[in-house]
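>>> Take a look and give me a structure for this.
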Amino acid sequence: MNQIIMYPIGIIHSPYKESKDIPIQGTFKSEVEAWLELKDKYANGLKNLDEFSHAIIIYYFHKSQREEIEGKPFLEQNKHGIFAIRSPNRPNHIGFSVVKIKSIEGNKMHFTEVDILDGTPLLDIKPYVKYFDSRNNVISGWVDKHFKNGNIPDETIIKV
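Predicted coordinates for the structure are as follows:
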């Protein structure tokens, strides 16, 4: 297979108009609200999603203009392989976020824990299921040292 063609199923609306304003992960600014709006023909696909507390949303990094094989994440100055970081400058420019569902009305899903740029094309939504998506004894590679002893990095210092 040489080509895969995907079409957005909707759009993500968030208060983040510039990438410099986005937290390194949505849980660092958990009170920020956003919403996604599905194309009308997909609205019925939201049926029963309101029974879940969280969802995984998959999207296209539409502002990313380059592809890198190595990059520097926000947390440090060392370069890492693109598949060991969450940079938008990756092959295929696909991103995902776990978000907290606030409400669903018609073709709109309101959520918090957002780390997505306003106007981002939405590719898919999946329910977050703790029985499938949560793991025990997780090792988070180079990221672990930044959270040692329960510390949470100050993202304002990191992003400057």
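>>> make it CA atoms for all contacts and neighbour counts henceforth
Noted.
>>> how near is residue 55 to residue 127?
Residue 55 sits 4 Å away from residue 127, going by CA to CA, to the nearest Å.
>>> In which helix or strand does the residue nearest to the spatial centre of the chain reside?
The structure's the chain has its C-alpha centroid closest to residue 97; by CA atoms, centre = their mean the separation is 2.5 Å. Following DSSP states H and E, one finds residue 97 within strand 94-105.
>>> Is the residue nearest to residue 121 when sequence neighbours are not counted bridged to anything, and to what?
For residue 121, ignoring the flanking residues on the chain, the nearest one in space by CA to CA, 6 or more residues apart in numbering is residue 11 at 4.7 Å. Beta bridges link residue 11 to residue 37, residue 121 when assigned by DSSP bridges.
>>> residues contacting the residue nearest to the centre of the chain?
Residues near residue 97 by CA atoms under 8 Å, 6 or more residues apart in numbering: 26, 56, 57, 58, 114, 115.
>>> Quick check: the farthest pair among these?
26 and 58 (14.2 Å; CA to CA).
>>> now the helices: where do they sit in this protein?
130-133, 155-159 (DSSP state H).
>>> mean confidence score for the first one?
For helix 130-133, mean pLDDT rounds to 90.
>>> Model confidence at the closest residue to residue 12 other than its chain neighbours, what's the number?
What sits nearest to residue 12 in space, not counting adjacent residues and going by CA to CA, 6+ apart, is residue 36, at 4.3 Å. As predicted, residue 36 sits at a pLDDT of 98.
>>> So residue 36 sits against residue 106, correct?
No: in this structure residue 36 lies outside contact range of residue 106 using CA atoms under 8 Å: 11.1 Å.
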